[in-house]
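A.B. asks: I'd like to go over a predicted model; first the sequence, then the structure.
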Amino acid sequence: MKLSANIRRMRKEKGLTQEQVAQALGVTAPAVNKWERGASCPDLALLAPLARLLGTDLNSLLSFREELTGDEIARMTGELYEIAQAEGIDSAFRWAEARRQEWPGCDSLAVSLSMTLNGLLFTLAVEEPEPYRRRLGELNEALADSEDRDVRDQALHLLIGRHMEREEYGRAEELLGQLSDRWPYRDSLKAGLLRRTGRTEEAAELWERHLLNAATECYEALVSLQELALRAGELEAGRRLTALITETAERYAMPPGTAPAGRLQQAVAERDRDGALSALRALVEGLNQPWDDGGLYPHLNGGDATPVGAVLLPGMVKSIREDEELSFLRDDPELEAILAPFAPPDGTHRP
């Protein structure tokens, strides 16, 4: 971590303003601001007084060794858990603070310790957790300004949960806007905030989208796994995955035309004419049907009777006719009977 980030983080942890630091060191507030932005550095003569003011030492302030490995951090959080179980939460907090003082420039360690301590407050059923939560809040406020995006997101997550618990919804929403789009729990936090603030329709729509996206991701993973299994000649594994693909598409009311994908891949691998034709018929006919979401996605579907995949059909038909893996069906009149109603406008097809 850079000196500028260290000064900013340690100042916030001590609860000092830039003006207070400036006054204590006999410099101006803009000078401190420049230190924290990395636009300039403190004079050498100021480093020792600055370290004392921030409650640290020169080695820590200057971060001569900046980071720990992931394994080292995991071992420390594991040891923290064991100390909490054996000696109690107060000992755990003291031990964590000592590790932070030892590695002040390692934000990854700090946020891992914070998350572990936050969980321990719950699992140990601490009778008076508020003083500990305040200490964690101060740490997380500092970490929310970290240069490391993952650390920043983890700290913000903890802060948002804290503010929601205290019904400080305005501040929670403000912090929510600072989370990166890649944080996997962003939508969950947002939906929880919407629900708590009475915006239930928005929360429901968000959860429906989350469910459909998760189902789609699971479906795509199963289709890809089946493809890999079939390429390796593992037909029995392909059959098991076919059942899972169909079940996933039906259980989570995915848009029509998705369920037959596994059946089609399996039939092509086995050169099963009847199975392939049946799957193709279900696929193209499904794409020409309205989406029956089974009541799972009313805020997304809205009862629209328009066939969701109709716009895809001409291109889909052309792709099926040109797919070399389906060449064993190329001259089959039943295939043409299935595709003809949905053919591209120019009517092109294989003889």
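C.D. replies: Arrived safely. Computed from a prediction, not measured in an experiment: that's the story for all the values here.

A.B. asks: where does the stretch 1-150 of the chain dip in pLDDT?
C.D. replies: Within the stretch 1-150 of the chain, the segments meeting pLDDT under 70 span 1, 63-67.

A.B. asks: where exactly do the helices run in the stretch 251-351 of the chain?
C.D. replies: Assigned helices in the stretch 251-351 of the chain, in chain order: 261-270, 273-287, 298-301, 313-322, 333-339 (criterion: DSSP state H, counting those that start in this stretch).

A.B. asks: from the chain's centroid, how far away is the shortest one?
C.D. replies: When you say that, I think you mean helix 298-301. Remark: helix 298-301 is offset 23 Å from the chain centroid, using C-alpha atoms, centre = their mean, to the nearest Å.

A.B. asks: start at 274, not 1
C.D. replies: New numbering, starting at 274: the last item is helix 571-574.

A.B. asks: in a markdown table, list the helices of the stretch 524-624 of the chain along with mean neighbour count, mean pLDDT and distance to Leu429.
C.D. replies: In short, each C-beta sits where N, CA and C put it, glycine included. Listed next are the helices of the stretch 524-624 of the chain as a markdown table, based on neighbours: other C-beta atoms under 10 Å; pLDDT from 0 to 100; distance: least, C-beta to C-beta, whole Å:
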| stretch | mean neighbour count | mean pLDDT | distance to Leu429 |
| --- | --- | --- | --- |
| helix 534-543 | 21 | 95 | 39 |
| helix 546-560 | 18 | 92 | 42 |
| helix 571-574 | 15 | 84 | 27 |
| helix 586-595 | 16 | 85 | 43 |
| helix 606-612 | 16 | 90 | 52 |
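
A.B. asks: for Leu479, which of those is the nearest?
C.D. replies: For those, distance to Leu479 was read as C-beta to C-beta. The smallest value, 8.7 Å, belongs to helix 571-574.

A.B. asks: and that closest one, C-alpha only, in CSV?
C.D. replies: Listed next in CSV are the C-alpha coordinates belonging to helix 571-574 (Å, rounded to 0.1, in the frame of the first residue of the first chain):
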residue,chain,number,x,y,z
PRO,A,571,-44.7,-11.8,-13.1
HIS,A,572,-42.7,-8.6,-12.9
LEU,A,573,-40.5,-9.6,-15.8
ASN,A,574,-43.0,-11.4,-18.0
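
A.B. asks: show me what that helix is packed up against.
C.D. replies: If contacts are counted by 3 or more C-beta pairs under 8 Å, 6 or more residues apart in numbering; DSSP states H and E, helix 571-574 sits against helix 473-504.

A.B. asks: how big is the angle separating the helix it packs on from helix 534-543?
C.D. replies: Relative orientation of helix 473-504 with respect to helix 534-543: 10 degrees, computed using axes from the mean of the first three to the mean of the last three C-alpha atoms, to 10 degrees.

A.B. asks: so for helix 473-504, mean pLDDT?
C.D. replies: When the per-residue pLDDT values of helix 473-504 are averaged, the result is 95.

A.B. asks: turn the helices of the stretch 524-624 of the chain into TSV, columns for distance to Leu335.
C.D. replies: Written out in TSV, the entries for these read as follows (distance: least, C-beta to C-beta, whole Å):
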stretch	distance to Leu335
helix 534-543	58
helix 546-560	63
helix 571-574	53
helix 586-595	61
helix 606-612	71
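
A.B. asks: between these, which one is closest to Pro528.
C.D. replies: Closest of these to Pro528 is helix 546-560, at 8.3 Å (criterion: C-beta to C-beta).

A.B. asks: other SSEs contacting the closest one?
C.D. replies: In this structure, helix 546-560 makes packing contacts with helix 534-543, helix 586-595, helix 606-612, judged by 3+ C-beta pairs under 8 Å, 6+ apart.

A.B. asks: neighbouring contacts of the last one?
C.D. replies: Applying C-beta atoms under 8 Å, 6 or more residues apart in numbering, the set of residues contacting helix 606-612 from outside is Leu550, Leu553, Arg554, Val557, Val590, Ile593, Arg594, Leu602, His622.

A.B. asks: for whichever strand or helix holds Gly392, packing partners?
C.D. replies: Remark: Gly392 resides in helix 380-396, with elements defined by DSSP states H and E. Taking 3+ C-beta pairs under 8 Å, 6+ apart as the contact definition, the neighbouring helices and strands of helix 380-396 are helix 343-360, helix 362-375, helix 403-416, helix 422-438.

A.B. asks: please redo it, this time with the cut-off set to 10 Å
C.D. replies: Packed against helix 380-396 by the contact rule (3 or more C-beta pairs under 10 Å, 6 or more residues apart in numbering; DSSP states H and E) you find helix 276-287, helix 343-360, helix 362-375, helix 403-416, helix 422-438.

A.B. asks: quick one: the closest residue in space to Tyr442 that isn't next to it in sequence from Trp480, how far?
C.D. replies: Nearest residue to Tyr442, sequence neighbours excluded (C-beta to C-beta, 6 or more residues apart in numbering): Thr470, at 5.3 Å. Taking C-beta to C-beta, to the nearest Å as the measure, Thr470 falls 15 Å from Trp480.
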